[in-house]
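Asks: need a 3D model of the sequence below.
(2 chains)
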Number of protein chains: 2
Amino acid sequence: MSRGPVAQRVTEGAFEDMLSADQFKAAFRNHPAGVAVVTADPGDGPVGLTATSVISVSANPPLLVFSLSAFSSAAPALARAETVVVHLLGAEHVHLAKTFATSGIDRFADQDSWSRLVTGEPVLAGASTWLRGRIVNRMEAGDSTVVAVQVLQAQTPELDETPVPLVYHNRTWHSLSEQSVLAEPTRS
Amino acid sequence: MSRGPVAQRVTEGAFEDMLSADQFKAAFRNHPAGVAVVTADPGDGPVGLTATSVISVSANPPLLVFSLSAFSSAAPALARAETVVVHLLGAEHVHLAKTFATSGIDRFADQDSWSRLVTGEPVLAGASTWLRGRIVNRMEAGDSTVVAVQVLQAQTPELDETPVPLVYHNRTWHSLSEQSVLAEPTRS
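Replies: Modelled structure (predicted):
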């Protein structure tokens, strides 16, 4: 994972050159993302959080990656889980995204909103697409941990029940539709 | 919840249990993403590719992550670069996204479409938001490499020139607008 020469280079005067946190956040403010809720039970109860960092990285074997911020209350428990469930949310599931992004509440208080897979992980009743997988690698990245998950099982909706896509952008929720399709520029 | 049975089941014959590539792709088909072009010059000329896997993972230090598929022609050169430029694209830059996703062409053929930073990396003339950074870590993930970049420098547009956000979803380009903002559900 970490390579000697790279680690050395980081040490040498990197901090003077580095971008400020505010400048970095400003650059990413206009970068949209899909929305997911990641759940797990590392052995002492269900935990979960909303993540806009879920990316598909490999189809064979099937692997996804997401980032766990040290500032998220659920992150430590998720980081030590062996398996997780990643729910990819549609616009109709925005209430789940909001619940699992809210601090200081019991995100699993509504007993009707979730159940357990036979393998034990919490699964959200409303989500039509989810992937269950095993954490196979972790990479420390500043104040976050990047987690790689090998997917073992997935639920996808029937084609005619595919949810309207949900997008997070600059603290606002968007949905995609025929109207949001980018028009092809006219070419002479 | 007991952890033993879960771990045991996962370990036993994990590969038989693994999701097929097609099932995995089907699950992610409805997951939208922002769009970026990553460029570099590892010493033997400019390389670049379109990536829908760029995520912000840490603000302090500023770190982003993206995934490089082994099937991308530009991936080997990008993977051995020391520094890269990550261009976060708006809807007006969709031509850049298309050019850097096209196989078998010289993506840098148009000499007016790019220049070099004083530090040597190729930068796309049309992109209003980009981040230059050093590759500080790599994680192998199946047929891809997950790359962590510590950001050293960024260009962001003036607030009144922020581009219309660009989203990739199910092989289609979308833009976000006031019209795509998700209506708040009415509550009784």
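Asks: could I get the pLDDT score of the residue positioned nearest the centre of chain A?
Replies: By CA atoms, centre = their mean, chain A has its centre lying nearest to residue A:51, at 3.2 Å. Residue A:51 is assigned 98 on the pLDDT scale.
Asks: you'd agree it is up against residue A:34?
Replies: No: here residue A:51 lies out of contact with residue A:34, judged by CB atoms under 8 Å, at a distance of 9.5 Å. C-beta here means a position set from N, CA and C on the backbone, and glycine is covered the same way.
Asks: name every strand pairing with the helix or strand where residue A:66 lies and say which way it goes.
Replies: Here residue A:66 sits within strand A:62-69, counting by DSSP states H and E. Its sheet considered, strand A:62-69 pairs with strand A:55-59 (antiparallel), strand A:144-155 (antiparallel) by DSSP bridges.
Asks: residues in contact with the helix or strand that that strand is followed by?
Replies: Note on strand A:62-69: by DSSP H and E, the next helix or strand toward the C-terminus is helix A:75-79. Contact with helix A:75-79 is made by A:38, A:40, A:42, A:44, A:47-49, A:68-69, A:84, A:138, A:145, A:147, as judged by CB atoms under 8 Å, 6 or more residues apart in numbering or on different chains.
Asks: partners of the very next helix or strand once past helix A:75-79, with directions?
Replies: Sequence order places strand A:83-88 as the next helix or strand after helix A:75-79, per DSSP H and E. Under the criterion DSSP bridges, strand A:83-88 sits next to strand A:36-40 (antiparallel), strand A:130-141 (antiparallel) in its sheet.
Asks: how distant is the shortest one from the center of its chain?
Replies: Right, the one you point to is strand A:36-40. 7 Å (CA atoms, centre = their mean, to the nearest Å).
Asks: relative to chain B, how far out is residue A:178?
Replies: Using CB to the nearest CB, to the nearest Å, residue A:178 is found at 10 Å from chain B.
Asks: what ranges in chain A fall below the confidence cut-off?
Replies: A:1-17, A:185-188 (pLDDT under 70).
Asks: and if we set it to 50?
Replies: Within chain A, the stretches with pLDDT under 50 are A:1-15, A:188.
Asks: return the distance of residue A:183 relative to chain B.
Replies: Residue A:183 is 9 Å from chain B, by CB to the nearest CB.
Asks: ignore the last one, residue A:41
Replies: Taking CB to the nearest CB, one finds residue A:41 at 5 Å from chain B.
Asks: just residue A:173 next, same as before
Replies: 4 Å.
Asks: in the sheet, who's paired with that residue?
Replies: Going by DSSP bridges, residue A:173 forms beta bridges with residue A:168.
Asks: so it sits right up against residue B:183, yeah?
Replies: No: in this structure residue A:173 lies outside contact range of residue B:183 using CB under 8 Å: 9.5 Å.
Asks: okay, now residue A:76: neighbour count?
Replies: By the criterion of other CB atoms under 10 Å in any protein chain shown, residue A:76 has 13 neighbours.
Asks: with the one 3 residues further on instead?
Replies: By other CB under 10 Å, 18 other residues sit near residue A:79.
Asks: contacts for stretch A:163-170, please.
Replies: Contacts of stretch A:163-170 (CB under 8 Å, 6+ apart): A:29-35, A:52, A:89-94, A:97, A:128-129, A:157, A:173-177, B:30-32, B:165, B:167, B:169-170, B:176, B:180, B:182.
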